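Visitor: okay, predicted coordinates and the sequence, questions at the end:
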Amino acid sequence: MQTLHLTAVEEAMLGGQEGDGVALAMRVIVGQARISDAPRLVEITSAHVDSCLYHGQVSLDFAHRLVDLGARVRVPTTLNVGSTDLIHPGLVRDHELAAAGRELMAAYVDLGCTPTFTCAPYQLPNRPAFGEHVAWAESNAIVFANSVLGARTDRYGDFLDVCAAITGRAPYAGLQTPEARRGTVVFDCRALGEFSDLTYSLLGHHIGSVVGAEIPVLLGIPADASEDDLKALGAAAASAGGVALFHAVGVTPEAPMTVEGLPVRVVDLETLHRVRRELSTVASELDAISIGTPHASYAECVRLSELVVGPALKLPFYLSTARATRERLAESGVLQVLEAAGVTVVVDTCTYITAILSPTWKHVMTNSGKWAHYAPGNVNVSAVLGSLAECVASARAGHLVLDA
Amino acid sequence: MIIHGRTLHPGTATGTPIRLTAPLSFWGGTDNEGRIVDAHHPQCGAVLTGRVVLMESGRGSSSASSVLAEQIRARTAPAAIILSRPDPIIPLGALIAAELYDLNLPVVVVPYDAVPADAVLQVSAGPDRATIAW
């Protein structure tokens, strides 16, 4: 086992010279550093905190302990989704959960975090640059930061995220180190031909399911893949498996020039058809549509607004996005188009982590591999997966329409 | 029989083993009663409360440590967790429960192939080294 070396400043934090809150946070960082065999800690430039999502009394107990001990974050810190929509509080049907969620979100703002309340902090200004060490939580944000931005974060969990923000340190281990970031297995996707928006979710789910602890290198991802496409791929890969970094040759910044010598797995269309059958129930009756997992970008909201103009939507239609994106949509008039078409815009939270959907709904359609993976266990619905166009066509028809 | 492993979080526990044949995320994968609810998981429906859980590693969401810490607080957590490779998210849940509630769920890394399915296991995890006896 490595011996962990701490600087004098870090020793002082651990010893309580910057207060008991900093000492508690440093105990967590040091404990994790030892588990990860880190030789030292690394200074971070930003943090993204997932601990503001309510998971029970322990969430509040921990945040209140930090507030009571006088802790404050020392680097710019964004907040992940919480358990309620603070702008549309009426959307959350479980009032007790909403109240606890609100209390927790407020406690993290008290610690000095910025009230962004989004799972897609990479859509905000001031995102980390290539090579920056950061401490991000939320599996889709982690994989995006590492893969698409080339920033460096390991796979941090709740509690650790805010402790890193309070100490400004993370263990120098895992994906903070260059050695751990090299690709180790190739997924040859060249047989897939043209990619639709759903291809990215299905491919991500497949890679997450089979890759184990390897770092995947993808061949054949279209050079014009958008950040939204890579978001969908990474989110599905991170929920189906422990993927925290992927490389896409010709697309992502740290992808290798050559993949010679690495083992190769071929992905064909039949594989993706099978993934779709596994992830998606076939239901002729649909109760609602939910998109925006991870939070829809401004561009995705605009695309939706173009699709929903026309005949009325017959099914409840939810769009989850960041409050900052909603503000931009309101300024440009897109929000008004969406709301006039009957789209319910959800911010600060998401439909699969809190009580927004009606408990009587059985079949809900989504364009998100991540949503399809988690919603059945979390909110007791069966998920039907389709492209964004298929989601809108189904909402309009009142029943499932594929190949729209 | 005794096997030796590495402690990720110290503590002692006794319980019967349950071997998970796929990685599990406590968040989205288990409910507050300690039951596996991930429909895609091979052991879906199994209750982990009070059991010595043997699994390769954690998986998926970074909220798993909260869910585990809450289960420890609510006394619905496993008795101990034995991993075959180190995973930072699971012992973090154990550490927070120890800081807040003084409750210790041992988390150990050891190749567990030798552990029989029907034994009562005694897990004793010291500051660095752990033993599992049956």
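Guide: Now that the structure is in, tell me what you want to look at.
Visitor: switch to C-alpha atoms for all contacts and neighbour counts from now on
Guide: OK.
Visitor: got a list of what the spatially closest residue to A:A141 that is not a sequence neighbour touches?
Guide: Spatial nearest neighbour of A:A141, chain neighbours left out: A:A120 (6.1 Å); criterion: C-alpha to C-alpha, 6 or more residues apart in numbering or on different chains. Applying C-alpha atoms under 8 Å, 6 or more residues apart in numbering or on different chains to A:A120 gives the contacts A:80, A:140-141, A:294-295, A:322.
Visitor: buried residues in the strand of greatest length in chain B, which are they?
Guide: As assigned by DSSP state E, the longest strand anywhere in chain B is strand B:2-9. Buried residues in strand B:2-9, counted by 16 or more other C-alpha atoms under 10 Å in any protein chain shown: B:4-9.
Visitor: how about it and chain A, any contact?
Guide: Yes - using C-alpha under 8 Å from any C-alpha of the partner chain, strand B:2-9 reaches chain A at B:L8.
Visitor: and stretch A:369-382, anywhere near chain B?
Guide: Yes - using C-alpha under 8 Å from any C-alpha, stretch A:369-382 reaches chain B at A:374, A:376-378.
Visitor: least confident pick among the residues you listed?
Guide: Among the residues of stretch A:369-382 next to chain B, A:G377 carries the lowest pLDDT, at 82.
Visitor: pretty sure that one is in a strand, no?
Guide: No - in this structure, A:G377 is helix, not part of a strand, as judged by DSSP: H, G, I helix; E, B strand; the rest coil.
Visitor: any idea how far it is from B:T21?
Guide: 19 Å (C-alpha to C-alpha, to the nearest Å).
Visitor: I'd like the residues of stretch A:369-382 next to chain B as CSV, with neighbour count and distance to B:A64 appended.
Guide: CSV is the format used below for the residues of stretch A:369-382 next to chain B (neighbours: other C-alpha atoms under 10 Å in any protein chain shown; distance: C-alpha to C-alpha, whole Å):
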residue, neighbour count, distance to B:A64
A:Y374, 24, 13
A:P376, 21, 17
A:G377, 21, 14
A:N378, 21, 13
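Visitor: ok, then the element right after the lowest-mean-pLDDT helix or strand in chain B?
Guide: Lowest on mean pLDDT, DSSP states H and E among the helices and strands of chain B sits helix B:26-29, with a mean of 81. Scanning forward in sequence from helix B:26-29 by DSSP states H and E, the next helix or strand is strand B:52-55.
Visitor: against which helices or strands is that next one packed?
Guide: Applying 3 or more C-alpha pairs under 8 Å, 6 or more residues apart in numbering or on different chains; DSSP states H and E, one finds that strand B:52-55 makes contact with strand B:17-19, strand B:80-83.
Visitor: Provide the strand pairings for that strand, with the direction of each partner.
Guide: strand B:17-19 (parallel), strand B:80-83 (parallel) (DSSP bridges).
Visitor: export the very next helix or strand once past the longest one as CSV, just CAs?
Guide: So that's strand B:80-83. Going down the chain from strand B:80-83, the next helix or strand is helix B:89-101, by DSSP H and E. Only the C-alpha atoms of helix B:89-101 are listed here, as CSV (Å, rounded to 0.1, in the frame of the first residue of the first chain):
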residue,chain,number,x,y,z
ILE,B,89,-18.1,4.7,-3.2
ILE,B,90,-19.2,1.9,-0.9
PRO,B,91,-16.7,2.6,2.0
LEU,B,92,-17.5,6.3,1.8
GLY,B,93,-21.1,5.5,2.8
ALA,B,94,-19.8,3.5,5.7
LEU,B,95,-17.4,6.3,6.7
ILE,B,96,-20.2,8.9,6.8
ALA,B,97,-22.4,6.7,8.9
ALA,B,98,-19.5,6.2,11.3
GLU,B,99,-18.9,10.0,11.5
LEU,B,100,-22.6,10.9,12.0
TYR,B,101,-24.0,7.9,14.0
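Visitor: roughly how far out does the lengthiest strand in chain A sit from the chain middle?
Guide: The longest strand of chain A (DSSP E) is strand A:288-296. Remark: strand A:288-296 is offset 12 Å from the chain centroid, using C-alpha atoms, centre = their mean, to the nearest Å.
Visitor: that one pairs with which strands?
Guide: Pairing partners of strand A:288-296, with direction, according to DSSP bridges: strand A:317-321 (parallel), strand A:363-366 (parallel).
Visitor: run through who's touching the first one.
Guide: Okay, so that is strand A:317-321. With contacts defined as C-alpha under 8 Å, 6+ apart, strand A:317-321 is touched by A:118, A:288-297, A:342-351, A:395.
Visitor: how about the spatially most central residue of chain B: which residues does it bridge to?
Guide: Nearest to the geometric centre of chain B sits B:I81, at 2.1 Å (C-alpha atoms, centre = their mean). Beta-bridge partners for B:I81, by DSSP bridges, are B:V53, B:V107.
Visitor: hmm, back to that, list just the nearest of the buried residues of strand B:2-9 to chain A.
Guide: Nearest to chain A out of the buried residues of strand B:2-9 is B:L8 (C-alpha to the nearest C-alpha; 6.1 Å).
Visitor: surely that closest one is in contact with B:V110?
Guide: No - applying C-alpha atoms under 8 Å, one finds B:L8 not in contact with B:V110, separated by 10.6 Å.
Visitor: show me the shaky parts of the stretch 301-404 of chain A.
Guide: The stretch 301-404 of chain A contains residues with pLDDT under 70 at A:404.
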